[in-house]
Each structure stands twice: as structure tokens, then as C-alpha cells.
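1. Let me see the structure of the following:
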Amino acid sequence: MVKERRSGEELRQMMLAVARNHEECSELEDLFIFGPTPRPDANWGFGIAGKDNKVSVACFARLDQIASDLQAKYELHPVKAARREIEARVWSLIHDHPTLKASISRAGGAYEIATFKKLEGQPNWTMEWTTDDQPAKAAFERVVRSVQTQIELE
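-> The predicted structure is shown next:
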């Protein structure tokens, strides 16, 4: 199932609308949505805003359930970034990854061998690395997919 994309403001409004239907959340003043962030089933989360940023345990449990329901249907629009920012994020993650760091040093560097491509649709960019090192290639593709969920090309 493909999730629909929503802005942080839309997700905030949806959560508040549902929360206001529940007595345990009557003390809730406001929420904020954070992300995009890599999570097992969602690329966004929420936090409490107002009243010292606290709510009752019952309210928080209800909000967590509301967020889980919404996270199953909606993902946060990725942050827009320029190609150079995207490449910098990918390279940073690659150099932090032990398998990739070793493979890149043997290959002479990913800057010369990885290609950046614009795509139609979602995601709207990708990076490809042609290598015979299958574990390194799979790790590289996981890094690219992770960054794709976080940022989108301007």
C-alpha cells in the first residue's frame, strides 16, 4: 500500500481533530509533528506543545494510538533539498558505514563511480553505483532509500 503524503501542518490538524473527540485529551493544547525521520513504519512522529509540554498518561496513550493509525495511512512530505545537499547526506552516511567505507576505499572513491539521476514521480531522484561488490551495492541502495524517505529534490 502506498501512503498518501501530507504536510506537517495537515498531520497536526488531523491528530488534533481526532484527539478532541476523546475526553482524556481535553487538556491537550497543541501538538507538533517532526520528521522526516527513519522509523520502522513511518517517517514522522509527534510531540506535545503547551501546558509545560505535558499531558496525562491516558492522553498520551490515546495520542500514540491516533498517531499509529495516521502513520499507517500518511507519510510526511520529504524536506526539499538541492542535489548537492542530497549527495552530501548520502556521502556522509556512506563514510559512516563500515562495509561501504571499506569498499569505497578499494574502489577509489564513490564520487567518481556513483551517478545521480532525476526521476519522474516519487521518489524524484536516485543514485546508482555500479560495482561487483554485491554486499556494498546493497548497503549503498539502503542508504539511498533511507535518504529518499527524508529528502526530495527541489
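
2. Please count neighbours and contacts with C-alpha atoms only from this point.
-> Noted.

3. Find the least confident helix or strand in the chain, judged by mean pLDDT.
-> Across the helices and strands of the chain, mean confidence by mean pLDDT, DSSP states H and E is lowest for helix 110-113: a mean of 58.

4. Heading C-terminal from it, find the next helix or strand.
-> Using DSSP states H and E, the helix or strand that directly follows helix 110-113 along the chain is strand 114-118.

5. how near is V147 to T126?
-> 9 Å (Cα to Cα, to the nearest Å).

6. residue farthest from the centroid of the protein?
-> E23 (31.6 Å; Cα atoms, centre = their mean).

7. Verify the stated contact: E152 with P123.
-> Yes. Counting by Cα atoms under 8 Å, E152 does reach P123; the two are 7.1 Å apart.

8. so who does T99 touch?
-> Contacts for T99 (Cα atoms under 8 Å, 6 or more residues apart in numbering) come out as P135, A136, A139.

9. where exactly do the helices run in the chain?
-> Along the chain, counting by DSSP state H, helices occupy 8-19, 57-73, 83-96, 98-107, 110-113, 134-150.

10. which residues make contact with the first one from outside it?
-> I take that to be helix 8-19. Contacts of helix 8-19 (Cα under 8 Å, 6+ apart): 25, 30-34, 62-63, 66-67, 70, 76-77.

11. Just the buried subset of these, please.
-> C25, L31, F32, I33, R62, L63, I66, A67, L70, L76, H77 (16 or more other Cα atoms under 10 Å).

12. Please report the distance of the second one from G121.
-> For L31, the distance to G121 (Cα to Cα) stands at 31 Å.

13. before we move on, what about the first one?
-> From C25 over to G121 the distance is 39 Å, taken as Cα to Cα.
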